[in-house]
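Asks: need a structure here:
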Amino acid sequence: MRPPVSMNYVQKLVEDQVRKWNQMNRERPQQVSPVITISRELGSGGTELAKALAERLKLDLYGSRIIDEVAKSSKMSATVIGTLDEKGRSMLDDWISILEKERNIWGYEYLRHLVKVIGTIGKHGRAVILGRGAHLILPKEDIFRVRVIAPMDVKIKNIKKELKISTEEARKRIISVESEREAFIHKYFHQDIEDASQYDLIINTGYIDPVCAASVVIAALYVSRKMARHIAVIKPTLTELFR
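Replies: Residues are numbered from 1 along each chain as shown. Just a heads-up that it's a prediction; the model follows:
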């Protein structure tokens with residue numbers, strides 16, 4: 001079992017990120033950076049892939065547990081959303097109103113905060129976002145959606161090693177967490193997390209190392225039509241990859 005996230009730790013992360021965003025806004029950089037969402041099965045190595053991807057593309061990594069804690073805190077959510085200018089906040093509210101009308105599922109205060117927090121991250125760009133339905137929240141035209149899967153035996157092996165537990169405990173843990181994730185997506189978005197049409201790329205880490213798989217994602221970004229405007233960010237990394 002992973003240790004709980006300290007609220008003081010989350011608060012510091014939020015403060016550091018707000019400072020970075022404010023600095024970026026002052027500098028008004030011309031280079032557009034991508035937003036990549038990672039949905040992953042427990043034990044598939046999706047987190048390792050996300051970390052490698054963020055490091056190589058020099059993007060910020062947002063873990064699902066951190067996003068969850070920020071979404072639950074009205075104060076921290078307001079701080080994050082406050083990094084947008086008035087136009088950005090207005091666009092975010094308009095976008096949420098459209099989602100409410102189209103999907104009719106926004107009966108939860110938590111979900112409104114979650115959508116606003118992930119929406120703010122998406123507006124700033126330069127991000128790899130793990131889980132929490134980000135691939136269903138952000139406009140699919142503006143993001144690259146990755147799903148990371150693996151055979152059960154591979155996931156069991158990885159979880160046994162990570163948590164130092166038995167094979168049966170690892171199996172139960174995987175089934176439990178995957179059930180929670182499926183229920184989350186179904187409850188809040190009325191979608192099936194395993195629906196392949198929700199993603200731009202699906203990677204099976206039973207046949208490729210998760211860290212090496214980051215190279216596959218970068219190459220896919222390079223040839224993706226909807227990521228064409230981010231080519232200035234992706235191309236240098238791709239050049240290093242195959243040099």
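Asks: Using the three-state scheme, assign the residue nearest the centre of the chain.
Replies: Per Cα atoms, centre = their mean, the C-alpha nearest to the average position across the chain is that of Ile129, at 1.8 Å. Three-state call for Ile129 (DSSP: H, G, I helix; E, B strand; the rest coil): strand.
Asks: quick one: contacts for it?
Replies: Applying Cβ atoms under 8 Å, 6 or more residues apart in numbering to Ile129 gives the contacts Val35, Ile36, Thr37, Ile38, Tyr62, Ile67, Ile118, Ile121, Gly122, Leu138. The C-beta positions use only the backbone N, C-alpha and C, and glycine is treated the same way.
Asks: Which residues are in contact with the first one?
Replies: Contacts for Val35 were tallied using Cβ under 8 Å, 6+ apart; they are Ile121, Gly122, Gly125, Arg126, Ala127, Val128, Ile129, Leu138, Asp142, Ile143, Phe144.
Asks: Which pLDDT value does the model give it?
Replies: We have a pLDDT of 91 for Val35.
Asks: could you measure it against Val223, distance?
Replies: 18 Å (Cβ to Cβ, to the nearest Å).
Asks: For the chain, which segments are assigned as strands?
Replies: 35-40, 60-62, 127-130, 144-149, 201-204 (DSSP state E).
Asks: Go through those and name the closest to Ser77.
Replies: Ser77 sits nearest to strand 60-62 of all the strands of the chain, at 13.7 Å, using Cβ to Cβ.
Asks: Can you point out the buried residues in the closest one?
Replies: Applying a neighbour-count criterion of 16 or more other Cβ atoms under 10 Å, one finds Asp60, Leu61, Tyr62 buried in strand 60-62.
Asks: which among the residues you listed gets closest to Ile156?
Replies: Leu61 (25.7 Å).
Asks: give me the beta-bridge partners of the closest one?
Replies: Beta-bridge partners recorded for Leu61 (DSSP bridges): Val128.
Asks: so what's it up against?
Replies: Ala50, Lys51, Ala54, Ala127, Val128, Leu130.
Asks: how about those in a markdown table, adding pLDDT?
Replies: Shown next, in a markdown table, are these (pLDDT from 0 to 100):
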| residue | pLDDT |
| --- | --- |
| Ala50 | 95 |
| Lys51 | 94 |
| Ala54 | 92 |
| Ala127 | 91 |
| Val128 | 94 |
| Leu130 | 91 |
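Asks: by how many degrees do the longest helix seen in the chain and strand 35-40 diverge?
Replies: Among the elements of the chain assigned as helix by DSSP state H, the one spanning the most residues is helix 167-189. Helix 167-189 runs at 130 degrees relative to strand 35-40, counting by axes from the mean of the first three to the mean of the last three Cα atoms, to 10 degrees.
Asks: Residues contacting helix 167-189, please?
Replies: 41-43, 103, 105, 108, 111, 114, 131-133, 136, 152, 155-156, 159-160, 163, 165, 191-194.
Asks: if we can go back for a sec, give me the lowest-pLDDT entry from the contacts of Ile129.
Replies: Ile67 (81).
Asks: and the gap between that residue and Leu136?
Replies: Ile67 is 14 Å from Leu136, by Cβ to Cβ.
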